[in-house]
Structures are given as C-alpha cells and as structure tokens.
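> Prediction below, plus the sequence it came from.
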Number of protein chains: 2
Amino acid sequence: MITGKNYIGSQLIANGNKTYKTFNPQLNIENPWIFTEATSDEINLAVDLASMAYDTYKNYSGNQKADFLNAIADEILALGDELLEVYCTESGLSRGRAEGERGRTIMQLRSFADMVAEGSWVEAAIDTALPDRQPIPKTDLRKMLIPLGPVVVFGSSNFPFAYSTAGGDTASALAAGCPVIVKSHPMHVGTGEMVASAVIKAAKQTNMPEGIFSNLNDSGITVGSSLVKHPQVKGVGFTGSIKGGRALFDLASQRPEPIPVFAEMGSINPVVLLPQALEEQSTVWAAQFASSITVGSGQFCTNPGLLLGLKSDSLNEFISQLSEEIVKTVPSCMLHPSIRNNFMTGKKELQQQDEVITLTEIKTEDAPNFAEQTLLSVEGKTFLENTSLHQEVFGPLSIIVQCENETELIAILDKLEGQLTGTVIALDSELGKYTEVVASLQNRVGRLIFNGVPTGVEVCPSMLHGGPYPASSDPRFTAVGIHAVKRWVRPFSYQNWPNVLLPTALQNENPLGISRLVNNKQTHLPIALCLEKPSFV
Amino acid sequence: MITGKNYIGSQLIANGNKTYKTFNPQLNIENPWIFTEATSDEINLAVDLASMAYDTYKNYSGNQKADFLNAIADEILALGDELLEVYCTESGLSRGRAEGERGRTIMQLRSFADMVAEGSWVEAAIDTALPDRQPIPKTDLRKMLIPLGPVVVFGSSNFPFAYSTAGGDTASALAAGCPVIVKSHPMHVGTGEMVASAVIKAAKQTNMPEGIFSNLNDSGITVGSSLVKHPQVKGVGFTGSIKGGRALFDLASQRPEPIPVFAEMGSINPVVLLPQALEEQSTVWAAQFASSITVGSGQFCTNPGLLLGLKSDSLNEFISQLSEEIVKTVPSCMLHPSIRNNFMTGKKELQQQDEVITLTEIKTEDAPNFAEQTLLSVEGKTFLENTSLHQEVFGPLSIIVQCENETELIAILDKLEGQLTGTVIALDSELGKYTEVVASLQNRVGRLIFNGVPTGVEVCPSMLHGGPYPASSDPRFTAVGIHAVKRWVRPFSYQNWPNVLLPTALQNENPLGISRLVNNKQTHLPIALCLEKPSFV
C-alpha cells in the first residue's frame, strides 16, 4: 500500500531521484519502503493545483466542508490496523499511543466539521445603512472571515497523526477554506502517505476540487523552503524546533509579500512549587511529575523541563521522592536515533555546566534508542546567571532550581523566554499570597495551570496552545482547539453589496441561521426583524 | 501652550540637542515652535515607564479603561479652537476638515470606551471540568484575550487627529490594556503635543499609572527605529508609505523576539466601471469620482488611483465628462512641500512612461503647495505589461485604463498588488454577469464596494480597513472600527484555576454579565445555570 511517491493532488508522482527510508527505532533497523523526494516541478504543480482549488473551494458551503472533514476521519479509520502498525514501526511509539493519537486526530477533524457546519465561526458582522444620517448617509457594511489561500503544513516528528498529515493544522486550514500542501515529516513518511491516501479518497468522495490536498516527501529542507517561498502560498503551519521554526519565519518574513508562519516551537514549561503544597502533598506531586516528565519519553512540547522551588526541608523531601520515582520509571523508546542523540548531547551539555548536579542516573545500553530519563538540580543564583540552562532538551529531562527566596524566583521567571505553559503547585489558600509570582509567570506563558501537570493538551475551545516567542512564532493564535481556524483567515468587508450576491452568511435573511453582530448586537435574527425591534439583545 | 518637549509619561522633557520646526503649507513658511527630538535615554525611560504601567494597567477593569478613554475625548474637546488652529497651521487642511476629523477621533475614543465598558470583546470561553470522563478526566479550562504589552504608534501625515497621537491605533491599544508610546509625526508635532497633553491630563484625572502614555518627537527615523527594536515593546502601529512600513516590519521581524507590525501602507484602490452603468449613469459617476479623486488633495489612503473600463463609446463619454469635472475642481493645499514634491515627481514619472496620455492639465503656480489634480489614460495592454504604472502616487491623481475585453481586465486585476479597496460600478442586473471580475478583485482587496466611491471610511464594526500586502503588512486585522483592538491582544488560558483568583470575565458567576462561550455555546448565563440547563442556546 505504501508506494513511496508524492501525492500531487490526487496523483501519485515520483519523478525525482533523491530517495530515503524511515527507521524503526525499537528494532534499530531501517524500514523497507523507499521514498522519493518531490522535485521542484512537482512542488510547483502542487501549488498551482492548490491555487486553482482555492478559487472554488473558498466558496464551498460549511456543510460541504464538514462532509469532507468527516470523510477524512472515516477514511483514516478505514485504514485500520495497517495504519497503526506503520505508525508504530516508524515512530517507536506504542500501539496504545497510536490508537489514542488516532482518536484525537479523528476528534479534531470532527470538531472542525461541526464548527463549519454550524457556521457562526465566520464572525459575520453587519451594519445596516442609514440613508438619512447627517451630515452624510451611512452605507451598508458587512464583514466576515474568508480563507487566506493555499497553506503549507509541516508535519511534526512527535505527533505522526495529530500534528502531521491530517492533524490540527491541516484540519483547521481545510475548515477555513484553504487548500493544504503537507511537507511530510521524514521520520514517518509511510504513515504520512497512508493518511494522505485517506484524505485523497475523502476528497474524491465529497467532490472536492483537484489540488485541495497534496502530500510532498522531503528528506531535508529543500522542499519545505521552496514551498514557503512560493508566491502562491499564503500561510505556513509548523510544529518542531526553534531553529527550524525561526528559519521558516525568516524566509516568510523576507518574501516580497510576507506571509504568516505559525510555528509551535520549544518550551521548558516552568513549574512553580509553592512551599505549603510541598509540605502537605509532596508524595502526590512527586509521582505526578515523575510521570509527566517521562511520559512518551518526554517527547511532548508541554514536557515540564523546569521545576522551581523555594529552599526548604519539604523541597528537599520532594526532590528525593521525585528522584526515586524517576529512577523507578521504565525507560521507553525515542522517535529516532537522531532525536535520541540530540537528547544525549543536550543532556551532557547541561550536566557539564558549572554547579549542575545530576540527581538520577540510569542506563539503557541494551536498548540503543531508549531514553535515559534524568533529573538535574541547580541553585537559583546559578540558573539566573547562566541562560544556557534555560534551553529545552527534547526528551525526559527536567532541571529543578532551588531558589533562596521569592525575589530570586521572580527574577528567574522574568528572565525566562516565552513558554507554552506555566504551572503553579499550591494549596488553595497559598496561591493568593504569591500574586507577583503568578503575574511574572503569566507574562511568559500562553497557559497557566493550577495543581496539575502541563502534559495532556485538552482539545477544546478554551485551550490556548501557543505562547510568547519562542514557544510559538505568533502568540496571538492557538494551535489546538477550534479557534486554530483563525490562523488561516482574514476579515473581508462588502460595502453596499447587493443582497443576492452576498455570501449566504451575510444575507439579510440569515439563511444559515448563524449568530451575527448586527448593528453591534449579537443575534440570530434576520435583518428585517433586527430593524423592527431596535431594542433586542 | 506648545513647549516643543517630549512627554515621557506625564513629564515634559527635552534634554536633546536636535531641534526642528513644522511648516505652514498654506502660507509657505515655517511655524514658530521649536521641537526637540527625544534622546535615547528619554526613549528608554518612556519604554521602562510603559512596561511598569503595563503590569498594573492590564488588570484595570473595563469601566476604568472606559473612563480614561472618555476623559481623553473630553480633554481633546476642551482644547477648543486653539487645537484646531494649530492643526490647520501644521497641515494646510481646512477648518471644516479639522472639526470633522476631531469629531471622528472623539467618536473612535468613545466607541472603544463603550466596547470595554460592555466587556464581551475579551472573547471569554469556558469549558467546564468533567471529572468522570473516560479514559481520563477533563480539566476546567478558561480563555480570554489579554493585552500584549507596550505598543508604539507612529502618527500618520494625513490624519493629524484620527490616525495620530490619540487616533485609532492609540485608542484601540489603550482599550486592549496596552500602554502607548507615540512617535509623533514630524509634520504636525505641535498638534501632537497638544493632543498628548489632553491624554496626560485624562490619565491623571482617571488615576492611570505613570507611563501609560508617552509622546516622543522625532525629526527622522532614529527614535522610531529605536522604539521598534526595544525588547520591551510588544507591538507597532503605523500608517504611511510602503517603504516606511516595510522598513519597520523588517526591523520587527529581525528582532530576537519578533513582534507584530500593523502597517497600513499604500493603495491605488482599483475601480471597475462596467459598461451598462456607464451607458446609463456616466454623468453621475463622473461627478462622484472627480470629487473622490480630488477630495482632501487626494491625500486619503482610499483615494481611487486606478479606474478600469472596457473600451466603448460610453467609456469615452465617461472619460471626457470626468476630465471636465476634474479640471473644474478648485485645487487645494497639500500637507507639506515634501508631499507636494513627491506628488509632482511621481506624476511626472507616470506621464513620462510610454503610451501614457495626460487628459487634464491645470497649473497652481501662484500657490506653491497646491496640488495639480491629474487624470491619465492608458491602454489595458500597456498597463498590464508595465507594473511601474501600478504604483501609488499620493495625491489627486488617477489613471484610467481602457481594456480591450473582460479577459484583459481580469488579467490586470490578477496582476495588481494588494489593495485596501476594490470598487465595482454596475447596474444591479449587470453585476451578476461579471463573477470572475469580482472574484479576481476580491482576491486583491480588503473591502469590496458596490456603486460608491472608496473614500470615506465608515467607523463601525463591519468595516475592514486593511488588505493584502502591501495595502497593509497584515491583512488579518482592521485598522478601523472596534475590532482594531484585536491587533493588541493574545488569547490566554487558565487551567483548573481557582474561581476567586480568575479575572472577573472568567469567573463562574459572570459578574460582568458579558457574552461568553460556555461549553461551546454562546451565553450570558453564569456557569451554574449553564450546567443546570444543558440545552440552552
């Protein structure tokens, strides 16, 4: 079933001569399939098709787009066990994780389908004309969100389903009305091709225009860079390293016509442990954080890589309990030898810094791609002065910082780079006493968590997955939840436009029955009824 | 009353030694006041104060912010005639225009005040916990918009009130909760200082934190560049040239932490004249467009600089009527000798291009800074091939392009750069026959206008003032209307946060009575009532 070719629209094409394979990290061997990198002609063809598809797809109804998104979900499920097996083979992740992540991917697709079927997401706003206004008449104005154009999605290494081929970026862009060109992640190209086949099948079933979706193979950075620079590409979604995300951001910003890049990048997800909570509940939190640090070999963007506490006996107690729990944890396989190598190198660099103490040592010599989870410790003063300790090491590693006092803790928080999340572990009665700590943390993060762990990103409208740079390249948008659609749209106004030629979302009769802002009041009513009853709410 | 100094917070300071004056273009002489450019110490102090102000101001209630915005409006009005006189002296614009623009500025401030007093603009979203959910419990998540941090606003040359010191950018940023540092436009620094004094007075009256607002003088680009590069600055608003806006965008993108720049730049605002409308109504449209091209010496960003018609007798008739009307128009004074020089140079460059015909000639030799309004004509083929004809000439100039057929017209539209507006002049019955023309135009613009002129930008929620690059640097936001506030905020999530410590907008009881998305339904109800009645709408 895996051909190793690129989907250029619905066609499987591979005219290039650069080939590569994926790797099975559990078995420590290459996988059998041979993949061919897309050529520049294939890239251009994919973008041309996407541009043409945009011209028709942008006018499709919410129900048509919902049918497409639901059909993608159905077709992914229809790939059955074979898809899960390829996923595990290319990622080293467990069958349970594969099923869970597939479930999340399906749920994301269906929640965007529900959103576009309902229709109010376009934020329709209408101001009716006042022909008798003095000194000049007021004209009729109507605004709604419209799609940007073809979007490029870079698959992530750590979520082969949920943030790759038909993951959150793709689902949200298709919901917005943007055709998608996926740059398949080289570590799981086979999984990517299979999921792409499901998207293509769904597109045919639901009569989507040719070119609505393409899936391009890329062993390095050539295909991705060409896509970001292509004049017809209007937006980019990326999940990965700061280096990679920033490179794409720079490319996109330097274009003659700059385009937005939504790069979800690194984060060490600081956790502040307040003293009373540790006094009363250190065992509970030690167990929970040992699990959060090591789950999925620490390969989550919300992995808690930085724990901050105030020096005390209870902090010492917590540290020894956490160390014990971490040593007890059974190591697991990382995604790829290169990711494991980066983890080992990054860990070593931290360990070699002055005054950094390694609290846990385990070895996984018999299992070459397994992660050796690690807890480090350092004094607040040292951490404050040495910002190389602030850098993310992707994997099951956390550094616990022992602060002299609240002032030092706040100074550290103020010096941190932007983060996806910030967590506070505290008694209910304790939190209110640390308002400055919370304020400093809030300035650096996209999401504040009280008494919980940062791993486990709920998919719901109130989720903000993103954060100040470099957690993400644009903290003004979320990568998770239905509001992720806002990344791929722009508002558009019609002035004095004939009712019958307006998009249905803006027509007088409100044929879609959506919620609209009419003369600055939110309502489901048709315009005629709004004007009759000027005092409605 | 004009001191020539900088407002660094509430203090008038001028330690620099670089001084300059403004110019009265009507009298063609320098104005008497001497202004001192801000020093780098003054810039840093203004930003430090703004950062400190942010820490408190971001938590102010909607009512407190509304009081501040309304007080600014009151204090601007309290400056009375003197402010209008300085405005006219520094801009060459008429007393009527000064009054009208002041009215618009006041209205903008009050509409943002109303918005924050009401409070629903924060887009509160709440997903309540499901502790019994399988396989894992769902945690409580709550999201709302929070301010980005200190914002820099660059005053525009052409709107000394409405898009300068206390104009739309400043009003929207203050409404969002962001302190503002204004880089005063060098052509109307006195007007700027007077308006700044009103803002400072209002800030004191309403107990705003020191540093909530500063106003810096800058004769060139030094102060502005320093501000955009300052690490504590988190956003930039700009209205002006493509060259200036792009330079700021590049500076901001190349920062270690990139920040958003909302630059509203150039536009030639294409107008498509369909044949039947010209046949039946050419006199009406000739009069309206002569007025739209020349109003305010053509110094509006929505000035119609490009008219596109299909070759016909009625187009010829329209052209001769329009030429007559334009010649008849009484010329008016431009903002500054340098703006008039740029106009004359740009016009000459267009006139010297091959096959460009000048349809009107007037002279204003006795009035050195007056604009000589001009209509040019060119064949569609020539315009399509020569993109230097697509560039904006700021001032009362329009080029009419005579297309062979609809195909050529569409080819031209497809080749245009991004524009603020696109206008179609057509009979109702005619518009539906030109769907491809409309689709091409829509791809290039932020606002489509039917049977109207692009000048006159209504301030209301449904207005989109912005457009694909280079009309603006970020077409995903409007510079006009209450939704302009969205430029200065980011969404922020609280997970499992104690109710009493949440911002009031997110508390269970909904103490602000705002509209919120609760479990994916929009409602004004408190959480307890939402959970009791799961089927509410």
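Thanks, I have it. Keep in mind that what you see is a predicted model, and the values were worked out from it rather than measured.
> how much space between A:Phe249 and chain B?
As judged by Cβ to the nearest Cβ, to the nearest Å, A:Phe249 and chain B stand 7 Å apart. Quick note: C-beta positions are derived from backbone N, CA and C, even for glycine.
> Please identify the helix or strand for that residue.
helix A:242-253 (DSSP states H and E).
> residue closest to the middle of chain A?
What sits nearest the mean C-alpha location of chain A, by Cα atoms, centre = their mean, is A:Ala479, with 4.1 Å.
> How about the contacts made by it?
A:Tyr163, A:Gly168, A:Asp169, A:Gly237, A:Thr239, A:Phe262, A:Glu264, A:His465, A:Gly466, A:Ser472 (Cβ atoms under 8 Å, 6 or more residues apart in numbering or on different chains).
> these two touch, right, the fourth one and A:Asp169?
What it means is A:Gly237. Yes. Between A:Gly237 and A:Asp169 a contact is recorded at 3.4 Å, counting by Cβ atoms under 8 Å.
> list the residues that contact both of these two?
Shared contacts of A:Gly237 and A:Asp169 (Cβ under 8 Å, 6+ apart): A:Val151, A:Val153, A:Phe262, A:Ala479.
> mind listing which of those are in strands?
Among the shared contacts of A:Gly237 and A:Asp169, the ones falling in strands (DSSP state E) are A:Val151, A:Val153, A:Phe262.
> any idea which of the residues you listed has the most stuff around it?
A:Val153 (32 neighbours; other Cβ atoms under 10 Å in any protein chain shown).
> correct me, but that one touches A:Pro179?
No. Using Cβ under 8 Å as the test, A:Val153 is too far from A:Pro179 to be in contact (10.8 Å).
> re the thing from before, contacts for the helix holding A:Phe249?
Under the criterion Cβ under 8 Å, 6+ apart, residues A:154, A:221, A:224-225, A:228-229, A:236, A:238, A:258-261, A:263-266, A:392, A:470, A:473, B:249-250, B:253-254, B:258 lie in contact with helix A:242-253.
> Go again with 6 Å.
For helix A:242-253, contacts defined as Cβ atoms under 6 Å, 6 or more residues apart in numbering or on different chains pick out A:Val228, A:Lys229, A:Val236, A:Phe238, A:Ile259, A:Val261, A:Ala263, A:Met265, A:Gly266, A:Pro470, A:Ser473, B:Ser253.
> Please see if stretch A:54-63 touches chain B.
No. Using Cβ under 6 Å from any Cβ of the partner chain, stretch A:54-63 never reaches chain B; the gap is at least 6.8 Å.
> what does the stretch 1-150 of chain A put close to chain B?
Contact residues, the stretch 1-150 of chain A versus chain B (Cβ under 6 Å from any Cβ): A:Ala125, A:Ile126, A:Asp127, A:Leu141, A:Arg142, A:Lys143.
> could these go into TSV alongside neighbour count?
What follows is those, written out as TSV (neighbours: other Cβ atoms under 10 Å in any protein chain shown):
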residue	neighbour count
A:Ala125	26
A:Ile126	27
A:Asp127	24
A:Leu141	25
A:Arg142	28
A:Lys143	29
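> follow-up on the earlier one: quick check, nearest of the contacts of helix A:242-253 to B:Ser120?
Checking these against B:Ser120 with Cβ to Cβ, the nearest one is A:Ser473 at 28.8 Å.
> Excluding chain neighbours, what is closest to that closest one?
A:Ala263 (4.0 Å; Cβ to Cβ, 6 or more residues apart in numbering or on different chains).
> who touches that neighbour in this structure?
Counting by Cβ under 6 Å, 6+ apart, A:Ala263 makes contact with A:Phe238, A:Gly245, A:Phe249, A:Ser473.
> Kindly format the C-alpha coordinates of the longest helix anywhere in chain A as PDB.
Assignment by DSSP state H gives helix A:95-118 as the longest helix of chain A. Extracted in PDB, the C-alpha atoms of helix A:95-118 (Å, rounded to 0.1, in the frame of the first residue of the first chain):
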ATOM      1  CA  ARG A  95       0.100   0.700  20.000                       C
ATOM      2  CA  GLY A  96      -1.900   2.300  22.800                       C
ATOM      3  CA  ARG A  97      -0.400   5.700  21.900                       C
ATOM      4  CA  ALA A  98      -1.100   5.100  18.200                       C
ATOM      5  CA  GLU A  99      -4.800   4.400  19.000                       C
ATOM      6  CA  GLY A 100      -5.000   7.300  21.400                       C
ATOM      7  CA  GLU A 101      -3.500   9.700  18.900                       C
ATOM      8  CA  ARG A 102      -5.600   8.500  16.100                       C
ATOM      9  CA  GLY A 103      -8.700   9.100  18.300                       C
ATOM     10  CA  ARG A 104      -7.500  12.600  18.900                       C
ATOM     11  CA  THR A 105      -7.000  13.200  15.200                       C
ATOM     12  CA  ILE A 106     -10.400  11.900  14.400                       C
ATOM     13  CA  MET A 107     -12.000  14.100  17.100                       C
ATOM     14  CA  GLN A 108     -10.200  17.200  15.800                       C
ATOM     15  CA  LEU A 109     -11.400  16.600  12.300                       C
ATOM     16  CA  ARG A 110     -15.000  16.100  13.500                       C
ATOM     17  CA  SER A 111     -14.900  19.100  15.800                       C
ATOM     18  CA  PHE A 112     -13.800  21.400  12.900                       C
ATOM     19  CA  ALA A 113     -16.600  19.700  10.800                       C
ATOM     20  CA  ASP A 114     -19.100  20.600  13.500                       C
ATOM     21  CA  MET A 115     -17.800  24.100  13.600                       C
ATOM     22  CA  VAL A 116     -18.100  24.800   9.800                       C
ATOM     23  CA  ALA A 117     -21.500  23.000   9.600                       C
ATOM     24  CA  GLU A 118     -22.900  25.300  12.300                       C
END
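> Sort out for me which of the contacts of A:Ala479 are in strands.
A:Gly237, A:Thr239, A:Phe262, A:Glu264.
> which residues sit against stretch A:73-80?
Contacts to stretch A:73-80, defined as Cβ under 6 Å, 6+ apart, come from residues A:Ile106, A:Leu109, A:Arg110, A:Met194, A:Ala198, A:Lys201, A:Ala202.
> Quick check, A:Ala203 in contact with A:Gly211.
No. If you go by Cβ atoms under 6 Å, A:Ala203 and A:Gly211 don't touch, sitting 9.4 Å apart.
> you'd agree A:Glu30 is up against A:Thr22?
No. Using Cβ under 6 Å, A:Glu30 is not in contact with A:Thr22, being 7.4 Å away.
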